[in-house]
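Participant: Need a 3D model of the following:
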Amino acid sequence: MARRTGKGEPRKPRKPVAEPEDVLRAKYLDYCSARLCDVFMELEEERVFELARVAEQRAGVSQGALSFRQIADLLVEKLMDDLALPRFEDWAEAYQQDPEEYNPYLLGLWKTMVESPATR
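Facilitator: Predicted coordinates:
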């Protein structure tokens, strides 16, 4: 039995989307970047400084010895370790089944990573 929308019309079955692997990989990186950005933006200032100190200790350098870029790189690595992001293969399969579930989380960065009909 078909599920119905709020207007009493049957839902149209979704067709899986077939996109080239380079487009899917670019969208996956975009999705992961968006998730990372969300987590980073939710951090309180105190937590950012705490993570920076931990990053410096992990790198074996004294406080203030790393550049902003180096600290940011180490923070990103730490946050990536903490995030439960799906493997590419799992994400790609889920995305192809229902891209509308993931598209709101894409920042649009993927368009600069690939040359495809969708980006022209």
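Participant: just checking, what packs against the helix or strand harbouring Lys78?
Facilitator: Using DSSP states H and E, Lys78 sits in helix 68-82. Other helices and strands packing on helix 68-82, by 3 or more C-beta pairs under 8 Å, 6 or more residues apart in numbering; DSSP states H and E, are helix 21-42, helix 45-59. C-beta here means a position set from N, CA and C on the backbone, and glycine is covered the same way.
Participant: how about that helix: buried residues?
Facilitator: Buried residues in helix 68-82, counted by 16 or more other C-beta atoms under 10 Å: Ile71, Leu74, Leu75, Leu79.
Participant: want to throw those into JSON lines with pLDDT and distance to Ala92?
Facilitator: Converted to JSON lines, those look like this (pLDDT from 0 to 100; distance: C-beta to C-beta, whole Å):
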{"residue": "Ile71", "pLDDT": "83", "distance to Ala92": "32"}
{"residue": "Leu74", "pLDDT": "83", "distance to Ala92": "29"}
{"residue": "Leu75", "pLDDT": "84", "distance to Ala92": "27"}
{"residue": "Leu79", "pLDDT": "86", "distance to Ala92": "22"}
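Participant: Find the pair from the residues you listed with maximum spatial separation.
Facilitator: Ile71 and Leu79 (12.4 Å; C-beta to C-beta).
Participant: nearest residue to the residue positioned nearest the centre of the chain other than its sequence neighbours?
Facilitator: Centroid-nearest residue in the chain, with C-alpha atoms, centre = their mean: Cys32, separated by 1.6 Å. Closest residue in space to Cys32, ignoring its immediate chain neighbours: Leu85 at 5.4 Å, by C-beta to C-beta, 6 or more residues apart in numbering.
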